Each structure stands twice: as C-alpha cells, then as structure tokens.
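In: sequence and predicted model, in that order:
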Amino acid sequence: MENMLLFFMAALTALSAENAIFARSLGLSKTVLFINRPQAGILYGALFTWMITVSSLLVSGLNRFLTGNPHVSVLRFPGFLACVSLVYVCTYLCTKQWMRQLFNIIHRALPVSTFNSALFGAFYVSAANAHGVFQTVGYALGTGVGYTIAILIIYYARKRLAISPVPRSFRGLPVLLVYIGLLSLALYGLIGHGLPT
C-alpha cells in the first residue's frame, strides 16, 4: 500500500508541481510545437508516455546501482541513454514485426517522442531525489501525461494566437515562445516559488 502511495504521489508531483514540461522541453522540438491536429499531439504524447514509463523501469535499477558512488555517477547519462535506446529499439522492432499498421502510424513520431529533454530531465530529477522504483515509474508516468497535456495546450494556444491581433514581427514562433515562457512562469509561481529579485 505504501508503494502505491509513493507511486501516485510521484505521478501527481510530476504532473503538476515540477513544471518539467514547459521549462525543459517544448521549446526544443519544432515538430511538437507545430503539430497540425490534436490527434498528432495525442500520438506524440502517448509515445512519449510509453517510452518514459517503460524506460523508467530500467533507469530505476541503474539509479540504484549508481547511488552512493560519486566516481560512477559520470556514467549516469550514458546509462540513461542506453536504457532509453534499448526500449526504443525493442519498440521499433516489435511494432515493425508484429504490428505493421501501428508501425506505419508511429515510425516518424517515435524518435521525436523518445529522444527529448523532458525524458532525460525526468530521469535526472528522479536520480537527484533518490526515488525508488515506484516513485521513478510514477514520476515518469506523470511526466508523460503532463507532456501530452502541454502539447495540447500549445496546439490550442497556436490556434487562438493565429486569430489574435499580434504585431507582425511577433507572429508565429516568437509569440508562441513568449506564451510558453509566461505559462511556465505562471506554473512556477503557482506551486509557491518566488522569482529572484
């Protein structure tokens, strides 16, 4: 019962309080910023949630192995990359071999959903907080759901900004980045942090 509570608390923390989505990842992927329909956003988010959740099972074992030994902590990122790459290759090959229709849908979105900074950022937060297996998986699941919600928020924000009277020099990507920055600051303040003065 305690493990389930840790799982859900970590998922809730990642979903709402950490602000990992807007602060770390959305500005880095042009593909995710400029999706043309909500179904594509849900596809990217579902693939991201799958990759981060399954990879977190391997990453939690790696974190346990590397905890307490400062000389091996240099191997943390290559270890994270190896875990994520293993899940990526297995997902790619399994869908290509046994689920051809699914493979035709996801093969372009899979690399973008897999190798991005939100995924690795969530793993580093779990490592820094010394999360156990249930907390790491819960945090990963919450980050995946939060990422999906953030993609949809950005999609609908782009639609609203397209019909707003925005000065010509700010149309498109500049106003979208300003919007993401303001939203990130609002979420940061919402969880109780103060801005430096």
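Out: Yep, that arrived.
In: drop to CA atoms for contacts and neighbour counts, all remaining ones
Out: Will do.
In: now name the helix or strand holding the residue most central in space within the chain.
Out: Central residue of the chain (CA atoms, centre = their mean): residue 118, 3.8 Å from the mean position. Taking DSSP states H and E as the definition, one finds residue 118 inside helix 117-128.
In: could you point out the helix or strand that follows that helix?
Out: helix 133-162.
In: which strands and helices sit next to the following helix or strand past that following helix?
Out: Elements were assigned by DSSP H and E; along the chain past helix 133-162, the next helix or strand is helix 173-190. When contacts are defined as 3 or more CA pairs under 8 Å, 6 or more residues apart in numbering; DSSP states H and E, helix 173-190 packs onto helix 20-24, helix 133-162.
In: which of the ones you listed has the lowest average pLDDT?
Out: For the helices and strands packed on helix 173-190, mean pLDDT drops lowest on helix 20-24, to a mean of 51.
In: I'd like the distance from stretch 141-149 to the chain centre, please.
Out: 6 Å (CA atoms, centre = their mean, to the nearest Å).
In: just stretch 58-76 next, same as before
Out: 21 Å.
In: burial of the closest residue to residue 158 other than its chain neighbours, as a residue count?
Out: Using CA to CA, 6 or more residues apart in numbering and skipping residues adjacent in sequence, the residue nearest residue 158 is residue 176, 6.9 Å away. Number of residues near residue 176 (other CA atoms under 10 Å) recorded here: 19.
In: hang on, the earlier thing: and the helices and strands packed on helix 173-190: which comes nearest residue 180?
Out: Comparing these by their distance to residue 180 (CA to CA), the top pick is helix 20-24, with 6.5 Å.
In: identify the residues contacting residue 157.
Out: residue 176 (CA atoms under 8 Å, 6 or more residues apart in numbering).
In: now the angle from the helix holding residue 118 to helix 133-162?
Out: 150 degrees (axes from the mean of the first three to the mean of the last three CA atoms, to 10 degrees).
In: counting by contacts, list what helix 117-128 packs against.
Out: Contacts defined by 3+ CA pairs under 8 Å, 6+ apart place helix 117-128 against helix 20-24, helix 38-66, helix 133-162.
In: wait, isn't residue 55 in contact with residue 84?
Out: Yes - with contact defined as CA atoms under 8 Å, residue 55 counts as touching residue 84 (5.5 Å).
In: which of these two has more residues huddled nearby?
Out: Legend: neighbour count by other CA under 10 Å for residue 55 and residue 84, higher for residue 55 (26 against 23).
In: what's near enough to touch the more buried one?
Out: By CA under 8 Å, 6+ apart, the neighbours of residue 55 are 83-84, 87.
In: where does pLDDT dip in this structure?
Out: Scanning the chain for pLDDT under 70 picks out 1, 8-34, 69-73, 188, 191-197.
In: if we go to 90?
Out: 1-52, 55-85, 87-88, 91-197 (pLDDT under 90).
In: quick one on the thing from earlier: okay, the helices and strands packed on helix 117-128 in a markdown table with distance to residue 183 next?
Out: Converted to a markdown table, those look like this (distance: least, CA to CA, whole Å):
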| stretch | distance to residue 183 |
| --- | --- |
| helix 20-24 | 8 |
| helix 38-66 | 19 |
| helix 133-162 | 10 |
